[in-house]
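>>> structure, please.
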Amino acid sequence: MQKVGVLALQGAVAEHIRLLKKAGAEAIPVKKVHQLNEIDGLVIPGGESTTIGKLIKQYGFDEALQSFYEQKKPLFGTCAGLIILAKEIEGQDWNHLGFMDIKVQRNAFGRQRESFEVDLNVKDVANDFRAVFIRAPLILSVGNEVDVLCMHNEEIVAARQGHLLTASFHPELTDDERIHGYFLEMIKQYRTEASSAS
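Numbers count the residues shown, from 1 in each chain. Alright, predicted model coming up:
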């Protein structure tokens, strides 16, 4: 069984843990840096990206997550987590972790009251995935190694780059565990490659 962490500094932690368990993983909240050594993959949840980014630095997660990333352990960022992983943030001359070759726009879909739900076709996941958008960011552009997984109104709302997965929406706010299951398949692939390399 894969052991997956959810970064528990701020945001929708319990919701992700619920769906990871439903998809068949052992899931734990990650509050201390040393816990990263115990897990095979990590979810960075939605919440407030500026707050999460500050707490990542404050608690020493920035260097630890760099090492986690370099080990090719899978990372999944939803909503604010997507912003945390992005290489470029529109209107800012700095980023948070900057692992994924994407440019994002914060709050692209408006404020809380403009939240909405829609069924989307997510490549390799489902053609009827119920996506919940709440103050969601948008992926404005992607690098050559990034695979676009989902579009909404001709705009990119989910993408993958190797062992990195991102979604503008909140899959954890539904009962549909299929995108979490897809992330678990990424982890299984990583573990297979890691064991064959050693």
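>>> buried residues, the longest helix seen in the chain. List them.
Criterion DSSP state H: the longest helix present in the chain is helix 178-197. For helix 178-197, the neighbour count (16 or more other CB atoms under 10 Å) marks Arg178, Ile179, His180, Gly181, Tyr182, Phe183, Leu184, Met186, Ile187, Tyr190 as buried. No exception for glycine: its C-beta is placed from N, CA and C like everyone else's.
>>> and what of stretch 88-101?
For stretch 88-101, a neighbour-count test (16+ other CB under 10 Å) marks Glu88, Ile89, Asn95, His96, Leu97, Phe99, Met100, Asp101 as buried.
>>> with stretch 143-162 instead?
Buried-residue list, stretch 143-162, by 16+ other CB under 10 Å: Val146, Leu149, Cys150, His152, Ile156, Val157, Ala158, Ala159, Arg160, Gln161.
>>> and what of stretch 69-85?
Neighbour-count burial for stretch 69-85 [16+ other CB under 10 Å]: 69, 73-85.
>>> that one spans what distance, first to last residue?
10 Å (CA to CA, to the nearest Å).
>>> between all of the buried residues of stretch 69-85, which two are separated the most?
Greatest spatial distance in these: Lys73 and Cys79, 21.0 Å, computed using CB to CB.
>>> now for the nearest residue in space to Asp101 that is not next to it in sequence: which residues touch it?
Closest residue to Asp101 apart from its sequence neighbours, by CB to CB, 6 or more residues apart in numbering: Gly143 at 3.0 Å. By CB atoms under 8 Å, 6 or more residues apart in numbering, the contact list for Gly143 reads Lys87, Asp101, Ile102, Gln161.
>>> which of those residues sit farthest apart?
So, the contacts of Gly143 by CB to CB: farthest apart are Lys87 and Gln161, at 9.8 Å.
>>> and for those two, which residues touch both?
Residues within reach of Lys87 and of Gln161 at once, by CB under 8 Å, 6+ apart, are Met100, Asp101, Ile102, Gly143.
>>> any idea how far the residue nearest to His163 when sequence neighbours are not counted is from Leu165?
Among residues not flanking His163 along the chain, Pro74 sits closest, at 4.4 Å (CB to CB, 6+ apart). In this structure, Pro74 and Leu165 are 7 Å apart, going by CB to CB, to the nearest Å.
>>> ok, now Lys54?
Applying CB to CB, the value for Lys54 to Leu165 is 24 Å.
>>> please apply the same query to Glu193.
Taken as CB to CB, the span from Glu193 to Leu165 is 16 Å.
>>> do Tyr59 as well
In terms of CB to CB, Tyr59 sits 23 Å off from Leu165.
>>> which of those two has more neighbours?
Leu165 (26 against 13; other CB atoms under 10 Å).
>>> other residues contacting the host helix or strand of that one?
Mapping Leu165 onto the secondary structure by DSSP states H and E places it in strand 164-167. With CB under 8 Å, 6+ apart as the test, strand 164-167 has contacts from 69, 74-79, 81-82, 85-86, 99-100, 102, 131, 139, 150, 157-160, 179, 182-183, 186.
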